[in-house]
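A.B. asks: Need coordinates for the below:
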Amino acid sequence: MATLQVSFVLVMFFLLLFSGAHSSTFTIVNKCSYTVWPGLLSGAGTPPISPTGFILQPGASTAVSVPTSWSGRFWGRTFCTEDSSGKFSCLTGDCGSSALECSGSGAIPPATLAEFTLNGAGGLDFYDVSLVDGYNLAMMVSPQGGTGGNCTSAGCAADLNGDCPLELKVVDGTEGVACKSACAAFGDPKYCCSGAYATPNTCKPSSYSEFFKTACPTAYSYAYDDGTSTFTCAGADYVITFCPTPSTSVKSSNPMAVDISVGYRPVSSALIGSAITTLAAIWQLQHLF
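C.D. replies: The predicted structure follows:
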């Protein structure tokens, strides 16, 4: 009887351990020479994750645990400051929350976006880096330990702010700090893939989307750029890297404006520690009978 009880405890423990408090760990790394303030937004109908915004100093990284079947996006905010009244704002990628955390608000374009749908069709994770809403800094997504699908790094390693076409360029003084999409710059349906251009057959690449695609072959350059821009993987953790090829062309105007650190750790380490402790207790219980 005691053996049956112990076996039941073991089964329940491993079901709880692996059924999925968290399916993936996302490690956000800042290789830029300036401070980045990442923002996070969970998709509709998926569990929210925390934090939704934080500061990441040059060379720093933070791990965030993401629930099973989560969908959402990550991005980086730059040139962020906090005024005397405590209002927080960023020149690029701002989410309009007036605070360090975005709390359910998305990035105001232009912003480079890393998009995810975990445990989707066929049990695969779907991920991409999108420049459809414009570009503000280089970003790469790299799966770790995954299998199946097209399980490779994706994104944009290039610094486009300096070479951005003048009609798309966002400047601070004389310095380019972001690059608008043609849709945002002109509002033309042929660039927005809207109206009569709302299908893959009618919305085609433009000279502006080709600028993004040439520089960043594995990133979305316009709405129907699926074939070379969507990637899949199973059972992976993910590393999101800002400025994977370090650049000094953009500097935060006040990199220490918000000195709030985050001390999040991957949940997987806690689970492993808990597993070892619990198994030891079960072993002792088993040898009492």
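A.B. asks: low-scoring stretches of the protein, by residue?
C.D. replies: Applying pLDDT under 70 to the chain picks out residues 1-22, 246-289.
A.B. asks: Which residue ranges of it form strands?
C.D. replies: Taking DSSP state E, the strands of the chain run over residues 24-30, 37-42, 61-66, 71-82, 88-92, 113-117, 125-130, 139-144, 154-156, 169-172, 175-179, 231-233, 237-242.
A.B. asks: and of these, who's closest to Tyr222?
C.D. replies: With C-beta to C-beta, the closest approach to Tyr222 among the strands of the chain belongs to strand 125-130: 9.8 Å. Any C-beta I mention is one placed from the backbone N, CA and C, and that applies to glycine too.
A.B. asks: ok now the closest one, how far from the chain's centre?
C.D. replies: 9 Å (C-alpha atoms, centre = their mean, to the nearest Å).
A.B. asks: before we move on, what about stretch 237-247?
C.D. replies: Relative to the centre of its chain, stretch 237-247 is centred 10 Å away, using C-alpha atoms, centre = their mean.
A.B. asks: swap in stretch 211-224?
C.D. replies: 17 Å.
A.B. asks: so which of the strands of the chain gets nearest Tyr220?
C.D. replies: Between Tyr220 and the strands of the chain, the tightest spacing by C-beta to C-beta is seen for strand 125-130, at 4.1 Å.
A.B. asks: C-alpha coordinates for the closest one, CSV please?
C.D. replies: The C-alpha trace of strand 125-130 is given here as CSV (Å, rounded to 0.1, in the frame of the first residue of the first chain):
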residue,chain,number,x,y,z
ASP,A,125,6.3,27.6,-31.7
PHE,A,126,5.9,30.3,-34.4
TYR,A,127,8.2,33.3,-34.2
ASP,A,128,9.4,36.3,-36.3
VAL,A,129,11.0,39.7,-36.2
SER,A,130,8.8,42.3,-37.9
